[in-house]
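Trainee: predicted model follows, preceded by the sequence.
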Amino acid sequence: MDAAERATEAVDLLVRTARGDIQPTRALVKPPLIPVPQAQFTARAPFKTILDRAHEMEASGEALTITIAAGFPYADVPCAGTSVLVTTDRDPAKAARLAGELASLAWSLREQMIVHNVPPPEAVAEAISWPDGPVILVDVGDNIGGGTPGDGTILLHELLRQDAQDATILIADPEAVNAAFDAGVNGTMKASVGGKVDQRHGPPVPIEGHVRLLADGRWIHEGPENAGVPVEMGRTAVVRVGGVNLVLTSVKSMPGDLQQLKLVGIDPTRQKIIVVKAAVRWRGGYGPIAKHSIDVDTPGLGSVDLARFDFKRVRRPIFPLDPDPDWRP
């Protein structure tokens, strides 16, 4: 959301350094924390609490800049996990003290970093019964921004099984797109959709639907994130299956901008249910229009249950993979 502001800050610090106005000194502290993306949302605790304190340090002049990198928990590498990087002006000892304080604060909030999501059947039932939409179903297990395939079918299956109405879901499946183009607009399409990249995100779902629209899949972000940046989803089709608008794309595309649906003639504000394959990023575009959101415990490479993964290289002990490691900065 604030990439432009952070770029301006970085260039300003670079110019001040080149002119000799400041001499950056830095300290890095890595508490043994590996929170999942949902826990990293900076508009609420625990990471809002940590960022608020970091901003106080910057505003007071104690630090030139502070980076709290919550970390990517699905990378099986020794350096995975949370990092606190503090930059001061000619004072490495102060940088170390401030970094230690922020790392200790993060450590004290570790229990708040545990995430429990709603099972898919209950999540879809709740979305259907909610009095007003859009209700955002967050398909965390198939979080495209985290590297998942974008063809997870767990929520498509539940939407169809529970006869959801005015629901929209995107699935990346070039084979299914080809079948839709073969059927043509207003044609009937029969195909197995999704679940083709791996076995982690749900099996293919057989569907029979009405092809409502075919498109080239090109659109431009309206913002607030990445405003003006073009996107290529490849050939794209909208197929109506029961009460579900199934948007099939040739290339997976992260949610976060309403133009993704507007491109294919779907007004997001008029949908009862919208599935987003994300953890946090969806909030930039869909947050302002959402009447309710439900984080769903879908399986996959973006699962919030890290115990489902067989880590080999991550430094241990680390929370929450290990209960209460003994750590001090």
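Mentor: Alright, I've got the coordinates. Numbering: from 1, shown residues only.
Trainee: every contact and neighbour count from this point should use C-alpha atoms.
Mentor: Fine.
Trainee: residues contacting the residue nearest to Val280 when sequence neighbours are not counted?
Mentor: In space, and not counting its chain neighbours, Val280 is closest to Gln38: 6.0 Å by Cα to Cα, 6 or more residues apart in numbering. Shown in contact with Gln38 (Cα atoms under 8 Å, 6 or more residues apart in numbering): Val115, Ala279, Val280, Val304.
Trainee: now for the first one, how many residues are close by?
Mentor: Using other Cα atoms under 10 Å, Val115 is surrounded by 15 other residues.
Trainee: could we number from 9 for the rest of this?
Mentor: Happy to do that; since the first residue is 9 now, the last one works out to Val123.
Trainee: same question for the helix or strand containing Phe189, mean pLDDT?
Mentor: Assigning secondary structure by DSSP states H and E places Phe189 in helix 182-191. Here helix 182-191 scores 98 as its mean pLDDT.
Trainee: buried residues in it?
Mentor: By neighbour count on 16 or more other Cα atoms under 10 Å, the buried set for helix 182-191 is Pro182, Glu183, Ala184, Val185, Asn186, Ala187, Ala188, Phe189.
Trainee: and the next helix or strand past it?
Mentor: strand 196-201.
Trainee: which residue packs closest to Asp147, ignoring adjacent ones?
Mentor: Among residues not flanking Asp147 along the chain, Lys285 sits closest, at 4.7 Å (Cα to Cα, 6+ apart).
Trainee: check Val252 too.
Mentor: In space, Val252 comes closest to Ala175 once its chain neighbours are excluded; the distance is 4.7 Å by Cα to Cα, 6+ apart.
Trainee: and Glu134, that one's in a strand?
Mentor: No - assessed with DSSP: H, G, I helix; E, B strand; the rest coil, Glu134 is helix; it does not lie in a strand.
Trainee: could you measure from it over to Asp303?
Mentor: For Glu134, the distance to Asp303 (Cα to Cα, to the nearest Å) stands at 11 Å.
Trainee: the two: which is more packed in?
Mentor: Using other Cα under 10 Å, the more surrounded residue of Glu134 and Asp303 is Asp303, with 23 against 16.
Trainee: so that one bridges to which residues?
Mentor: Val146 (DSSP bridges).
Trainee: for Arg226, same thing?
Mentor: Beta-bridge pairing of Arg226 under DSSP bridges involves Glu240.
Trainee: can you check Val219 too?
Mentor: Counting by DSSP bridges, Val219 is bridged to Val247.
Trainee: could you double-check that it sits in contact with Lys198?
Mentor: No - between Val219 and Lys198 there is no contact under Cα atoms under 8 Å: 10.2 Å.
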